[in-house]
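**Student:** sequence and predicted structure are below.
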Amino acid sequence: MIAPTASRMLRAELRRTTSVRMWWALLIPVVLLALSINVFGGVFSSSLSGLGGETPGVLLASLAYSLSLGSVFAAVHGAVQASGEFRHRTITTTYLTGGRVPVLLARCAVGAAVGAVYALGTLAFGLVAGLFGQGSATFPSPGPLFGLIGSGIAVCALWAVLGVAVGTLVTNQAGAVVLLLVYVLAIENVLSLILRSGADAGLGTGPPAIARITSYLPGNAADVALYDIPAVELAGPRYGNQAVESLAGVASPPPGWACLIVLALWAGAGVAAAWVVGARRDVT
Amino acid sequence: MQDHSGRIAVDGLSKRFGTVEAVRDLGFTVEPGLVTGFLGPNGSGKTTTLRMILGLVVPTSGTALVEGVPFETLGSPGRVLGAVLEAQGFHPSRTARRHLLVCAAAIGVPDRRVDEVLGLVGLAVDADRGVGGYSLGMKQRLALATALLGDPRILVLDEPGNGLDPAGIAWLRDFLRGFARSGRSVLVSSHQLAEIGQSADRVVVIHRGACVYQGELAGLGGGRRGRVLVRCAEPVTLAQALVAKGLMEVDTLPDGRLAVGGADAVLVGDTALAAGVAVYGLVEEQVDLEQLFLQLTGGVAG
């Protein structure tokens, strides 16, 4: 029974998502941001002049920056998708025709797919815009480019799953979206600042453990995963980590792949919480 | 194990919201081949009970089983049970057809089934409009179409008459009867006896979350006899005389009259004469189901 249930739920969730405008309405700002950020990638090259600005790494870095913003839209889409069911009271029919847990899992999968589409849209439009707009930009070599494509898709998909979890936990649609945005735009930055302030007082033997936590917050983990490859292209293997520190605003980041795992753990924790709360909630 | 019987069995079901006991120790069954009416005034716990049967509300205690198992453990719920719930939502910008296509995919029925149910409820013409522009009656029809998609063995409807015009209600009544005659089960709630009285084979009446009657509709009046309403000079003296004759159901109505249960006008008149109480008026009251329903559910009667 497992396989048919899964395919039924996935098909239903895909239809549910594509039968309203939300997914492509949010794709528009994603593409516009990707275009504008990468056309004006020069902003990056000037801010990174100390690290050797005029390298192909600049385009990769501006792509990573636009992917970081794209992942926020992926998360918002997931949250709107999940909480919209409560807003429009469609959750009753959804639960009656599926089960609570299969619906949640299918929603995560489809949300992740939409996130992946946002990542690919960002990369495609950003790459074209960057090649035209950044005078000295050259097409990135395939290795780093595919690495960035992979981590971009993963980051946007995982943030979309986190969004679904938040939208399932906080069923008030405005509340869910505001919570997500306030966390991403403000709370995590303030937290990082506080955690890093300890590092400045350190005695040069590397940042204290508390400052290292910054890399393990979900937004920063996503940024480290995204900037890992561009930073090496920009600053070389030796100083790549320092470039990541300045780009992502963290202290002593672990490697990008490790941060993807960290982000996946956050997403998993979010889904687990949504599973526990959602399975017992009264739908009245 | 799911028994594919089309039965619903509710046993000892209770639900507490904070300090409010919405449903108290409720027990009844819904049998295939019959329309079971679920009656009670607004706020008596009907919707909460139906939502517990459907696994949407978690009971505080007791069980509600669909075909012998909790609803949420059914393998493909949409093929077993279809539900039309009050205030069921639709996304305003999703068309009726797309809404049904989503549900058809979830239930696992072919897409052509969508056109069948749209035709059945008379929404084929409006199927490609956003549901936001639908009237309440059209939404009720769409909810019914959704419930029928999986060709279920059980239909559960919560106040389906709301928003339907009289022709729509008559159509629904015939439809539900036909559905039950084909050997399937119907559980339909209402706060008005008249609305489902004509189509229900059995009724379950609840008041303040507890069952006050269940059985055949005709039996609703069976245990009860008519009352005699007396206007007299000395109600207290007459009441004592009646009680002395073994008539225990003597009540004083708000307008000062006595209501005597289990007696006829002759007996009450003779008793008044013997007690020397002047009688100004004597009315024999027949049991009327609607009135009885109101009595059972604490409404104003008599």
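**Tutor:** That came through, no problem.

**Student:** going forward, measure contacts between C-alpha atoms and count neighbours the same way
**Tutor:** Will do.

**Student:** for chain B, which residues are neighbours of chain A?
**Tutor:** Residues of chain B lying near chain A by Cα under 8 Å from any Cα of the partner chain: B:48, B:51, B:54, B:56-58, B:72, B:75-78, B:83, B:87-94, B:98-99, B:101-108.

**Student:** of those residues, which belong to strands?
**Tutor:** Of the residues of chain B next to chain A, the ones assigned to strands by DSSP state E are residue B:83.

**Student:** can you flag the buried ones in the residues of chain B next to chain A?
**Tutor:** For these, a burial check counting by 16 or more other Cα atoms under 10 Å in any protein chain shown picks out B:48, B:51, B:54, B:56-58, B:72, B:76-78, B:83, B:87-91, B:94, B:98-99, B:101-108.

**Student:** now, those that are in helices?
**Tutor:** B:48, B:51, B:77-78, B:98-99, B:101-107 (DSSP state H).

**Student:** which element, helix or strand, includes residue 37?
**Tutor:** Using chain A. Element membership of residue A:37, judged by DSSP states H and E, is helix A:22-39.

**Student:** please refer instead to chain B.
**Tutor:** Going by DSSP H and E, residue B:37 is in strand B:35-39.

**Student:** what residues does that strand touch?
**Tutor:** B:30, B:46, B:176-177, B:180, B:185-193, B:196-197, B:199-206 (Cα atoms under 8 Å, 6 or more residues apart in numbering or on different chains).

**Student:** residue B:10 touches residue B:28, doesn't it?
**Tutor:** Yes: counting by Cα atoms under 8 Å, residue B:28 is a contact partner of residue B:10 at 5.2 Å.

**Student:** give me the neighbour count for residue A:278.
**Tutor:** Residue A:278 has 19 neighbours, counted by other Cα atoms under 10 Å in any protein chain shown.

**Student:** you'd agree it is in a helix?
**Tutor:** Yes: looking at residue A:278 with DSSP: H, G, I helix; E, B strand; the rest coil, it is inside a helix.

**Student:** quick one, what contacts it?
**Tutor:** Neighbouring residues of residue A:278 by Cα under 8 Å, 6+ apart: A:100, A:168-169.

**Student:** most neighbours among those, please name it.
**Tutor:** residue A:168 (29 neighbours).

**Student:** so where does that residue fall, helix or strand?
**Tutor:** Going by DSSP H and E, residue A:168 is part of helix A:142-169.

**Student:** can the helix or strand just after that helix be found next to chain B?
**Tutor:** Next helix or strand after helix A:142-169 toward the C-terminus (DSSP H and E): helix A:173-182. No: counting by Cα under 8 Å from any Cα, no contacts exist between helix A:173-182 and chain B, the nearest distance being 13.7 Å.

**Student:** flag every buried residue along helix A:173-182.
**Tutor:** Result for helix A:173-182 [16+ other Cα under 10 Å]: buried residues A:173-174, A:176-177, A:179-181.

**Student:** distance between the next helix or strand along the chain from that helix and the chain's centre?
**Tutor:** For helix A:173-182, the succeeding helix or strand toward the C-terminus, using DSSP H and E, is helix A:188-200. Chain-centre distance of helix A:188-200: 21 Å, with Cα atoms, centre = their mean, to the nearest Å.

**Student:** quick check: buried residues in helix A:188-200?
**Tutor:** Those would be A:188-189, A:192-193, A:195-196, A:199, for helix A:188-200 by 16+ other Cα under 10 Å.

**Student:** for the record, mean pLDDT for it?
**Tutor:** For helix A:188-200, mean pLDDT rounds to 81.
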